[in-house]
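Asker: Quick one: sequence and predicted model below, then my questions.
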Amino acid sequence: MKTIIIGGGLTGLAAAYKLLKNGVSDVTILEKDPEPGGMAASYHISDYHIEKYYHHIFESDTELINLMADLGVGKDLQWLKGTTGYHIDGKIYPMNTPLELLRSPLSIFDLMRLAAIVLAIKRKKDISGFDDVTAKEWILKNAGNSVYERFFEPLLRSKFGNNHDLVSAAWLFGRIRIRSNRSASGERLGYLMGGFYRFVKRLTDSITWMGGEVRTGCEVSEIVIAGDAISGVSAGGYMECDAVISTVSPHAFSGMVRTGGFREMLDIPYQGTACALFGMDKPLLNDTYWLNIKSDVPFGAVVEHTNFLPVADYGEHLVYVTAYFQDADDPRWRCTEQEVIDSYLNGLERLFPDFSRSSIRWWRIARHIDTAPVYLTGYARNIPRYSTDLAGLYLAGMFSGANYPERSMNGSILAGFGCAGEIMGKMGAV
Ligand SMILES: Cc1cc2nc3c(=O)[nH]c(=O)nc-3n(C[C@H](O)[C@H](O)[C@H](O)COP(=O)(O)OP(=O)(O)OC[C@H]3O[C@@H](n4cnc5c(N)ncnc54)[C@H](O)[C@@H]3O)c2cc1C
């Protein structure tokens, strides 16, 4: 049986790994980019690797942690302090320790209400009933206006832009529940020494070592359907196969399926990201890793990677400036890279009076229109299953149930494994 996997991101790589490890041969991944990794891919800067989009993991990411151990890189996973803060009304408020929270713009009463809802959310065993209520409605009802406006609204806006008040409470609950590795001194986050590039590389190498093929620079233009079954894909030329796992976004998927009725199988809204990375002579933030911004600038967060990892590992300071956007008309998608960078630098100058452009050694920008599903209310009802009505076509990726209610590397590993498991189950049943 020949299986073609469209997309060499973590879902595609995980699916191939699982199939091959369980003795299913003839597995080929077709990836349009020059390297595998998808959203978790890296830049290669002089002698180090750094993710195109900032990445860290949580203690609850057990599938990913176990896979790293399987691949022999688990020992290099480190748990480091990931300090967070808010930039509000021209001032930075660190938000890590109880004392820092007391100094935040939230009143003691707000802090008590915030603590109470966080506790209540962590205690909830089943969050499925919260898919139909918006996070905004739920917070306003349970914690009040001030907690919403001062704490949650900036977070929701920076993550979902104009959709911030339409996102479900289930998403919010999922977010809060994974952030559990927190002590009185702050939160610990996981990072792989040498970068997640090493994980992607190990995974890719073991796929090829087990006899699979990872073909990069190979864009699939069509999933070829004959009647009510898959017959193959077009990627430069026609490739026949028995099963296709598509791991691409709904938008990319509908462009590959010509047959009406099947194109709409994946109907899930996505948002884009414009994430700049600056290599700098000097640090930008004091010692904050993650700074949420509540201000009129074109980005929602500044993430100083070298306030998380030691600057000595890179020999320079690394700062991400990033924004999510909701549609293709957004200037952060429409404008040239240089224009977006200029708008971000203007924003940095406004927020940080000590910042100077002369401290920037180089910049890169990663932009993609489909970087995350938007978890609007009712999302859970539209989640596609791995198997579809078309014999031989499987769907797995950021949109899968394994990634609900927040996509992550762990969720994509789970989705890839789950989909491969389903295919193997069907093969066994044949
Ligand atoms: C800004 C940002 C920050 C993030 N931070 C974190 C984090 O801190 N922690 C965490 O766990 N997760 C994080 N994530 C999420 C994580 O990176 C993703 O959930 C995960 O990598 C998605 O993997 P995937 O394989 O499901 O999808 P993708 O990575 O999107 O893979 C799909 C692949 O399909 C390829 N493709 C598309 N069309 C075609 C075609 N026609 N032919 C062939 N190939 C095609 C694409 O090039 C891509 O490689 C972040 C993501 C972003 C964008």
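Answerer: That came in fine, so what should we check first? The model shown is predicted, which means the values in this text are computed figures rather than measured ones.

Asker: The residue lying closest to D330 once chain neighbours are set aside and R381: what is the separation?
Answerer: The shortest distance from D330 to any residue that is not its chain neighbour, by CB to CB, 6 or more residues apart in numbering, is 7.3 Å, and that residue is G272. Placement of C-beta: from N, CA and C, glycine included. Computed as CB to CB, to the nearest Å, the G272 to R381 distance reads 24 Å.

Asker: which of these two has more neighbours?
Answerer: Between G272 and R381, counting by other CB atoms under 10 Å, G272 is the more crowded of the two (20 against 8).

Asker: what kind of secondary structure is the more buried one in?
Answerer: Secondary structure state of G272, per DSSP: H, G, I helix; E, B strand; the rest coil, is strand.

Asker: Hmm, it is touching I369, no?
Answerer: Yes: taking contacts as CB atoms under 8 Å, G272 lies within contact range of I369: 4.3 Å.

Asker: Now do the shared contacts for these two.
Answerer: A328, W333 (CB atoms under 8 Å, 6 or more residues apart in numbering).

Asker: wait, does stretch 153-173 contact the ligand?
Answerer: No: interface with the ligand: stretch 153-173 contributes nothing (CB under 6 Å from any ligand atom), its closest point being 10.2 Å away.

Asker: residues making contact with that stretch?
Answerer: The list of residues contacting stretch 153-173 from outside it, by CB under 8 Å, 6+ apart, reads 86, 88, 121, 124, 127-128, 130-139, 152, 271, 292-294, 300-301, 323-326, 374-380, 404-406.

Asker: List the contacts of S46.
Answerer: Contacts here follow CB under 8 Å, 6+ apart; on that basis S46 touches G315.

Asker: nope, H56 is what I was after
Answerer: G82, L189, G190, Y191, F308.

Asker: possible to save the residues you listed as TSV with neighbour count, pLDDT and distance to the ligand?
Answerer: Rendered in TSV, the data for the contacts of H56 read as follows (neighbours: other CB atoms under 10 Å; pLDDT from 0 to 100; distance: CB to the nearest ligand atom, whole Å):
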residue	neighbour count	pLDDT	distance to the ligand
G82	23	94	10
L189	22	96	8
G190	19	97	9
Y191	20	98	9
F308	20	98	11
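
Asker: could these be laid out in CSV, adding secondary structure and distance to K282?
Answerer: Conversion of the contacts of H56 to CSV gives the following (DSSP: H, G, I helix; E, B strand; the rest coil; distance: CB to CB, whole Å):
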residue, secondary structure, distance to K282
G82, coil, 21
L189, strand, 24
G190, strand, 27
Y191, strand, 22
F308, coil, 17
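
Asker: Which pair in those has the greatest spatial separation?
Answerer: With distances taken as CB to CB, the most widely separated pair in these is G190 and F308, at 10.6 Å.

Asker: anything in contact with each of the two?
Answerer: Common contact partners of G190 and F308 (CB under 8 Å, 6+ apart): H56, L80.

Asker: Tell me the first helix or strand C-terminal of the helix or strand where R364 lies.
Answerer: With secondary structure defined by DSSP states H and E, R364 is part of strand 360-373. Following strand 360-373 in sequence order, the next helix or strand is strand 393-395 (DSSP H and E).
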